[in-house]
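[1] Generate coordinates for the sequence data below:
(chains A, B and C)
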Amino acid sequence: MTLSNRYTTTIKPIPPYSFEYTVRKPAGWPWLTPEEVYENGVLWTATRIGASIVGLKLKSTGTLKQPCVICDVFSRERLTKNQRLMIVHRLRRYLDADEDIRGFCQLARKDPILKGVVRRLCGMRDAVSDLFPSLLLATTLQLAPITRSQQMMDLLVKHYGDTVCFDGKRVVLWPSAESIAEASVRDLQRKCKLGYRAKNLKAIAQSLVKGFPDMEELAVMTPEDAKAKLMELRGIGEYSAGIVSPHPEFPADSWSSRIFHILFFGRNTKVPKGVIGKVQQEAERRWGTWKGLAFIYVLNDLRGLSKRFGVDFTSF
DNA sequence: GCGTCCAGGTCTACC
DNA sequence: GGTAGACCTGGACGC
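    Residues are numbered from 1 along each chain as shown, chains lettered A, B, ... in the order given. Next up is the predicted model:
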């Protein structure tokens, strides 16, 4: 599909703001969709607006203290006024442009774990993506080492993703909920190696197609209600709901709880699952409402923390 | 090579 | 309400 209509808008996020670290996380996760193109500070990516796909070209023309992002939106048909408003609203959410993180920076500068991290990744934001891609990510992360999760995600994109071309670039999107809802469980198991997760992912996609609150609607709910709503979906438990929820959480799992156990208590644990609650309590005590952002900062600076703590967290 | 174990959770049956 | 066991798959490891 080629997108040739262009609409340009400018976003001015609340400082401090790092466009680069927000859209290209050091940990390597894509911003909106896999196989985004990033060249010389310019990002080409894509998203869905209802049943339509729009291409996005983003470039920072600002600084940490005076951030400014120029966004070119590419579509097949000319965008209506409502669609333009919707895409600007979405872009602000994706870029986390309206969050004031000065309180976090102040806290982090005095925190023994975060002070180096916040200096290295200053202005990085936790982008809130769309609902189905987040659920897809959470489902493939369950009970699998990262290489296996990556394999499942790659195969899902290969067999069910959509490709768009615009501005001379080619971008591949996550599969839509509709395409997974229509796929057979057998195909999802065989082609994408999803195993037992195939039934769950199809059921999730079907729930979304039938009608389920989107990210904007979940964002205006209380954190507890949003989480409870997400946990109504098949195969979405406490941990996955924490990853997906637009409200900042501290979604510790067996992998991250090992890392945080060392950072908090100075020693490794042989029972990472067993210390998840303890680690979450300590995060709440130290970082309070900023625990969600602290979680993102730490996991994106494992290299820096490895040097400082003398433990190779990147090998966990 | 081959068998076994386990991993970045969730659900369900059973007590 | 709490808890053990099953669930796909593939890489790591021991033999």
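
[2] Relative to A:Ile70, how far out is the spatially closest residue to A:Ala27 that is not a sequence neighbour?
    The shortest distance from A:Ala27 to any non-neighbouring residue, by C-beta to C-beta, 6 or more residues apart in numbering, is to A:Asn300 (4.7 Å). From N, CA and C alone the C-beta is placed, and that goes for glycine too. Distance of A:Asn300 to A:Ile70, given as C-beta to C-beta, to the nearest Å: 25 Å.

[3] So if I had to pick from these two, which one is more boxed in?
    A:Asn300 (20 against 15; other C-beta atoms under 10 Å).

[4] contacting residues for the more buried one?
    A:Tyr21, A:Lys25, A:Pro26, A:Ala27, A:Leu121, A:Met124 (C-beta atoms under 8 Å, 6 or more residues apart in numbering).

[5] Low-confidence ranges, the stretch 151-300 of chain A, go.
    Within the stretch 151-300 of chain A, no stretch has pLDDT under 70.

[6] Which elements pack onto the helix or strand hosting A:Ala181?
    A:Ala181 belongs to helix A:177-182 when assigned by DSSP states H and E. With contacts defined as 3 or more C-beta pairs under 8 Å, 6 or more residues apart in numbering; DSSP states H and E, helix A:177-182 has these neighbours: helix A:131-141, helix A:146-160, helix A:197-210.

[7] Now do the helices for the stretch 1-150 of chain A: every range, in order, please.
    Per DSSP state H, counting those that start in this stretch, the stretch 1-150 of chain A carries helices over the ranges A:19-23, A:81-94, A:102-110, A:114-120, A:131-141, A:146-160.

[8] Point out the most buried one among these.
    helix A:131-141 (a mean of 23; mean count of other C-beta atoms under 10 Å).

[9] any idea of the angle that one forms with helix A:146-160?
    Angle of helix A:131-141 versus helix A:146-160, following axes from the mean of the first three to the mean of the last three C-alpha atoms, to 10 degrees, is 140 degrees.

[10] is helix A:131-141 anywhere near DNA strand C?
    No. Using C-beta under 7 Å from any atom of the strand, helix A:131-141 stays clear of DNA strand C, coming no nearer than 9.8 Å.

[11] Give the other helices and strands that that helix contacts.
    Looks like helix A:131-141 contacts helix A:146-160, helix A:177-182, helix A:197-210, helix A:215-220, helix A:238-244 (3+ C-beta pairs under 8 Å, 6+ apart).

[12] go again using 7 Å as the cut-off
    With contacts defined as 3 or more C-beta pairs under 7 Å, 6 or more residues apart in numbering; DSSP states H and E, helix A:131-141 has these neighbours: helix A:146-160, helix A:197-210, helix A:238-244.

[13] so what's the spatially closest residue to A:Gly242 that is not a sequence neighbour up against?
    Using C-beta to C-beta, 6+ apart and skipping residues adjacent in sequence, the residue nearest A:Gly242 is A:Pro251, 3.3 Å away. Going by C-beta atoms under 7 Å, 6 or more residues apart in numbering, A:Pro251 touches A:Tyr239, A:Gly242, A:Ile243.

[14] Name the nearest of those residues relative to DNA strand B.
    A:Tyr239 (3.5 Å; C-beta to the nearest atom of the strand).

[15] correct me, but that closest one touches A:Asp253?
    Yes. Using C-beta atoms under 7 Å, A:Tyr239 is in contact with A:Asp253, at 5.4 Å.

[16] Pull the contacting residues for the closest residue to DNA strand C within the stretch 201-316 of chain A.
    At 9.6 Å from DNA strand C, A:Gly235 is the closest residue in the stretch 201-316 of chain A, using C-beta to the nearest atom of the strand. Listed by C-beta under 7 Å, 6+ apart, the contact partners of A:Gly235 are A:Thr139, A:Arg197, A:Asn200, A:Ile204.

[17] give me that answer again for 6 Å
    A:Asn200 (C-beta atoms under 6 Å, 6 or more residues apart in numbering).
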